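Asks: sequence and predicted model, in that order:
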Amino acid sequence: MGDRHINLLANFITLFPVSLDDFKEKYVFDIGCWTGGTTLLLATLADKVYAIEEVKKYAETVSYLSKSFGISGRISVEPLSIYECNSKEFYDKFDIVYFPGVIYHLSDPLLALRILFNSLKAGGFILIESAGINTEEPFCRFDGSLIWHSGTRERMNRGGWNWFIPSPSALYRMMVEAGFDEVQTQWHNGTNRVYGFGKKLSQVGVCKAGLSVPTIR
């Protein structure tokens, strides 16, 4: 991954009203932590990091690294899917949700955004980065599990598929639908990716018509 973890954080700080000081003494929810590069970086900035990764061997790698660096008291990691975080134990828990490189791998991005909205304390914020399409229209391109770009379908099955690839305005609308306020989304020419920022000002309702989990908070 090289310097990707550092560059991602630098881009968030450049594009949105976020600074390194905003992470001090905060509890960060790190989504899709993979082998832990982002988790370790966040642990140098925040008070605590709770990381999830649905691939168990990667979650175990993060746990090993946190113990090796002597910071396991500040990092917790679980082999969980984001969809398993829809329960009371996650409600109003985190100050920051860090969500780069994941949303386009999800078959139900709006549900995921609502779960993450519910996980934030009032006043908290989310940072999102995604593969995207550079258009002003609120479009998503659908790829799905039958399209892969290298290797074999069997190997990709472990690595994650690209499902819905959003434009900046599509991501904006999804974030607003999920309940976020002060939403900003931008296309980043340097990486050809979409970036997003939003706040949870208070707990608000969500339209449940057609939602795959109508009982969600």
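Replies: Happy to help now that I have it. In this text, all values refer to a predicted model and were calculated from it rather than measured experimentally.
Asks: may I ask which helix or strand of this structure has the lowest mean pLDDT?
Replies: helix 153-159 (a mean of 56; mean pLDDT, DSSP states H and E).
Asks: avg pLDDT for the following helix or strand past that helix?
Replies: Moving toward the C-terminus from helix 153-159, the next helix or strand (DSSP states H and E) is strand 164-166. Over the span of strand 164-166, the pLDDT mean works out to 97.
Asks: now do stretch 76-93
Replies: 97.
Asks: for this structure, which spans come out with low pLDDT?
Replies: 1, 148-160 (pLDDT under 70).
Asks: for Phe180, the count of nearby residues, please.
Replies: 25 (other CB atoms under 10 Å). (Glycine included, C-beta is placed from N, CA and C.)
Asks: show me what contacts it?
Replies: For Phe180, the contacting residues are 113, 117, 126, 198-200, by CB atoms under 8 Å, 6 or more residues apart in numbering.
Asks: okay, and the beta partners of the most centrally placed residue in the chain?
Replies: The centre of the chain sits closest to Phe99, judged by CA atoms, centre = their mean, with a distance of 1.7 Å. Assessed by DSSP bridges, Phe99 has beta-bridge partners Ile128.
Asks: check contacts around it.
Replies: 31-32, 116, 126-129.
Asks: repeat that for 7 Å
Replies: Contact analysis of Phe99 by CB atoms under 7 Å, 6 or more residues apart in numbering lists 31, 116, 126-128.
Asks: all helices of the protein, in order?
Replies: Remark: helices assigned in the chain by DSSP state H are 4-15, 37-45, 56-68, 109-119, 153-159, 168-178.
Asks: could you dump the contacts of Phe99 to TSV with neighbour count?
Replies: As requested, the contacts of Phe99 are exported to TSV (neighbours: other CB atoms under 10 Å):
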residue	neighbour count
Ile31	26
Leu116	28
Ile126	25
Leu127	22
Ile128	28
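Asks: adding distance to Asn134, write those residues out as JSON lines.
Replies: JSON lines is the format used below for the contacts of Phe99 (distance: CB to CB, whole Å):
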{"residue": "Ile31", "distance to Asn134": "24"}
{"residue": "Leu116", "distance to Asn134": "25"}
{"residue": "Ile126", "distance to Asn134": "22"}
{"residue": "Leu127", "distance to Asn134": "20"}
{"residue": "Ile128", "distance to Asn134": "16"}
